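> all I have is the shape, not the residue letters:
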């Protein structure tokens with residue numbers, strides 16, 4: 001009887017300990033190499049590099065797969081994704097999606113942000129990116145993303161140097177002026193994370 005109680009006590013302690021340990025405490029081995037550019041826990045300090053923290057897991061997985069299969073190209077990311085297995089890509093997506101996006105302290109110009117909001121409304125951005133630009137499944141969360149990255153990405157879709165979007169973003173971006181892109185950058189980067 002005493003052994004049975006000791007076993008139950010040990011089992012209870014193990015269960016409580018495992019429940020108190022956050023799921024994201026386990027940093028995937030491959031995530032360490034991501035931190036150099038995307039920042040600790042996915043919060044990038046490099047303005048043209050996206051933060052991955054709180055990004056949709058499926059979106060991260062699909063982008064890694066696109067880099068690996070040549071649908072998306074980047075001199076740094078293409079070789080980084082080359083050797084990843086599908087399970088490692090999913091693990092990275094899950095890990096970064098569970099991290100907290102830090103405030104970038106971006107100071108949006110109020111007038112540009114207002115014009116960006118109007119352009120986002122006109123082009124129906126929320127149909128895919130949802131309200132507050134939080135994204136869904138394979139559509140990225142862009143609220144609170146680095147301003148320079150937003151502008152760079154919109155230009156890449158407009159110029160068709162990035163086309164791994166089934167045509168949706170290239171179609172929308174083709175209608176945007178450089179000023180529209182700047183305004184959208186102010187609006188989206190200024191949204192709360």
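It's in. From a predicted model like this one, the values you see are computed outputs, not experimental measurements. Residues are numbered from 1 along each chain as shown.

> residues contacting the spatially most central residue of the chain?
By C-alpha atoms, centre = their mean, the chain has its centre lying nearest to residue 55, at 3.2 Å. Going by C-beta atoms under 8 Å, 6 or more residues apart in numbering, residue 55 touches 42, 93, 96-97, 135, 140-141. Backbone N, C-alpha and C define where each C-beta goes, glycine included.

> could you do residue 53 as well?
By C-beta under 8 Å, 6+ apart, residue 53 lies in contact with 39, 41-43, 96, 99-102.

> mind running it again at 7 Å?
Taking C-beta atoms under 7 Å, 6 or more residues apart in numbering, we find residue 53 in contact with 41-43, 96, 99-101.

> any of the residues you listed buried? List them.
Buried members of these, scored by 16 or more other C-beta atoms under 10 Å, are 41-43, 96, 99, 101.

> quick one: least confident of those?
Across the buried ones among the contacts of residue 53, no position has a lower pLDDT than residue 41, which has 92.

> and that one, helix, strand or coil?
helix (DSSP: H, G, I helix; E, B strand; the rest coil).

> excluding chain neighbours, what is closest to it?
Leaving aside its sequence neighbours, residue 41 sits nearest to residue 99 (C-beta to C-beta, 6 or more residues apart in numbering; 4.4 Å).

> same check on residue 107?
residue 190 (8.0 Å).

> residue 106 is in contact with that neighbour, correct?
Yes - in this structure, residue 190 is within contact of residue 106 by C-beta atoms under 7 Å, at 6.0 Å.

> can you give me the helices in the protein?
Counting by DSSP state H, the chain has helices at residues 2-20, 31-38, 57-69, 77-82, 86-97, 110-122, 126-129, 147-158, 168-173, 178-189.

> the second one packs against which elements?
Contacts defined by 3 or more C-beta pairs under 7 Å, 6 or more residues apart in numbering; DSSP states H and E place helix 31-38 against helix 86-97.

> the helix it packs on: which residues count as buried?
Neighbour counts using 16+ other C-beta under 10 Å place 88-97 of helix 86-97 among the buried residues.

> orientation of that helix relative to helix 57-69 in degrees?
Using axes from the mean of the first three to the mean of the last three C-alpha atoms, to 10 degrees, the direction of helix 86-97 lies 140 degrees away from that of helix 57-69.

> tell me the angle helix 86-97 makes with helix 31-38.
50 degrees.

> residues making contact with helix 86-97?
Identification of contacts with helix 86-97 by C-beta under 7 Å, 6+ apart yields 24, 27-28, 30-31, 34, 42, 52-58, 60-61, 64-65.
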